[in-house]
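> My questions concern the predicted model and sequence given below.
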Amino acid sequence: MNFKRISAAGLAVAMTASTAAFAAETTHPGARVRPMLISANPFAGSFNKVLILNGEELTGYTYTKETPGSWETEEVSVELANIANAPTGYVPLRAVAQADHGSASWYKDENQSFFHFNGVSIVVDFSDMSISMNDEKVEEAAALIHEGVTYVPVSVLEKVEGVTVTDTSTDEVESYEITTPNGTPIMKLAYQLMETAGLGANMKNSPEELEQFWGEAHGFKAEFMTEGVVFTGMMTTPDTLAVGKVAEGKLEDLKAAFESYRKQQADTFSWYLSQNLPKVENAKFVTEGDWFMFIIAENADEAVELFTDSVKALTEAE
């Protein structure tokens with residue numbers, strides 16, 4: 001990509017001002033050792049870059065803000081047009097990460113922000129504005145913070161496996177198209193199903209990863225699916241979603257593996273947090289063509305309806 005050059009002097013001034021602004025914002029009476037929640041100034045104004053993520057323009061985001069002096073939080077919605085602008089080549093990391101089903105938080109004592117983006121942990125250290133990815137420092141890249149928003153060079157996003165960035169800027173506007181693994185039809189459908197079904201922040205697994213966890217216990221093999229994703233619940237909930245395409249001749253094997261898992265969940269939640277048992281008993285395994293879905297959730301029936309309608313639309317579009 002070709003970015004307009006930012007002078008070293010200008011960048012140094014911006015970094016100094018940004019660090020001072022961050023330090024001032026963290027000295028509120030509610031600061032604790034626990035991870036704090038990044039708080040943007042939603043009225044800074046002037047952001048005019050265009051960001052397209054997986055085919056959809058980012059226009060805003062919602063984040064959780066702590067109430068100083070208490071453990072309470074509030075939801076705040078921010079329009080991108082209302083946050084501060086940034087030098088050419090810089091984008092707001094929270095907006096991109098969160099739109100891609102990631103997250104962000106910061107720690108006052110460490111003076112660092114933590115972002116999760118496509119399975120990668122990105123840390124911004126405000127003592128020197130350095131950026132690390134999975135504990136490895138990103139060389140020749142510095143972050144900026146302005147009006148409560150953390151900005152990173154858009155080239156940093158490209159260092160995440162599976163992410164591509166295309167510079168579509170013109171003389172009139174700076175713009176980027178960002179694609180991630182979450183932009184595939186299966187992943188988009190999976191997140192829509194999770195929202196409809198009322199599933200929370202479950203653990204995402206590829207078929208290969210799931211084989212490591214379920215292979216011995218439930219006879220699951222990655223070869224049962226040609227593609228797909230599985231979101232498994234935490235210890236306190238049986239909520240689970242699996243969606244993908246069945247490999248030829250493997251439907252019965254796949255059904256047997258998920259039925260084995262369902263029975264295990266039924267055994268567990270028959271005595272532990274038993275209010276979850278009705279969800280397990282209402283688990284669904286459905287197919288549409290070579291697509292399948294397995295789900296344990298509060299709104300499993302609604303998810304089945306969405307799955308059927310969505311797969312029919314996808315199949316007709318192919």
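Arrived safely.
> what is the mean pLDDT for whichever helix or strand Asp309 is part of?
Take DSSP states H and E as the rule and Asp309 turns out to sit in helix 300-317. Taken as a whole, helix 300-317 has a mean pLDDT of 94.
> average pLDDT for stretch 209-223?
On average, stretch 209-223 scores 96.
> Let me fix that, I meant to ask about stretch 150-161.
Stretch 150-161 comes out at a mean pLDDT of 96.
> Can you measure across it, start residue to end residue?
End-to-end span of stretch 150-161 (Cα to Cα, to the nearest Å): 21 Å.
> where does it sit relative to the chain's centre, distance-wise?
Offset of stretch 150-161 from its chain centre (Cα atoms, centre = their mean, to the nearest Å): 15 Å.
> List the buried residues for that stretch?
In terms of neighbour count (16 or more other Cβ atoms under 10 Å), stretch 150-161 has its buried residues at Thr150, Tyr151, Val152, Pro153, Val154, Ser155, Val156, Leu157, Val160. Heads up, the C-betas are built off the backbone N, CA and C, glycines and all.
> before we move on, what about stretch 308-318?
Ser310, Val311, Leu314.
> Next: stretch 215-234.
Buried-residue list, stretch 215-234, by 16+ other Cβ under 10 Å: His218, Phe220, Lys221, Ala222, Phe224, Met225, Gly228, Val229, Val230, Phe231, Thr232, Gly233.
> before we move on, what about stretch 265-284?
Gln265, Ala266, Thr268, Phe269, Asn276, Leu277, Lys279, Val280, Ala283, Lys284.
> Quick check: chain neighbours aside, which residue is closest to the second one?
The shortest distance from Ala266 to any non-neighbouring residue, by Cβ to Cβ, 6 or more residues apart in numbering, is to Val280 (4.8 Å).
> by contact count, what packs against the one helix or strand the one you found maps to?
If you go by DSSP H and E, Val280 is part of helix 277-281. In terms of contacts (3 or more Cβ pairs under 8 Å, 6 or more residues apart in numbering; DSSP states H and E), helix 277-281 is packed against helix 251-269.
> next one: the helix it packs on to chain centre, how far?
28 Å.
> then it to PDB, C-alphas only?
Coordinates of each C-alpha in helix 251-269 appear next as PDB, following Å, rounded to 0.1, in the frame of the first residue of the first chain:
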ATOM      1  CA  LEU A 251     -23.800 -37.300   7.900                       C
ATOM      2  CA  GLU A 252     -24.500 -40.200  10.200                       C
ATOM      3  CA  ASP A 253     -21.100 -40.000  11.800                       C
ATOM      4  CA  LEU A 254     -21.500 -36.300  12.300                       C
ATOM      5  CA  LYS A 255     -24.900 -36.700  13.900                       C
ATOM      6  CA  ALA A 256     -23.600 -39.400  16.200                       C
ATOM      7  CA  ALA A 257     -20.700 -37.200  17.400                       C
ATOM      8  CA  PHE A 258     -23.000 -34.300  18.300                       C
ATOM      9  CA  GLU A 259     -25.600 -36.700  19.900                       C
ATOM     10  CA  SER A 260     -22.800 -38.000  22.100                       C
ATOM     11  CA  TYR A 261     -21.900 -34.500  23.100                       C
ATOM     12  CA  ARG A 262     -25.600 -33.600  23.700                       C
ATOM     13  CA  LYS A 263     -25.900 -36.600  26.000                       C
ATOM     14  CA  GLN A 264     -22.800 -35.600  28.000                       C
ATOM     15  CA  GLN A 265     -24.300 -32.100  28.400                       C
ATOM     16  CA  ALA A 266     -27.600 -33.600  29.500                       C
ATOM     17  CA  ASP A 267     -25.800 -35.700  32.100                       C
ATOM     18  CA  THR A 268     -23.900 -32.700  33.400                       C
ATOM     19  CA  PHE A 269     -26.800 -30.300  33.600                       C
END
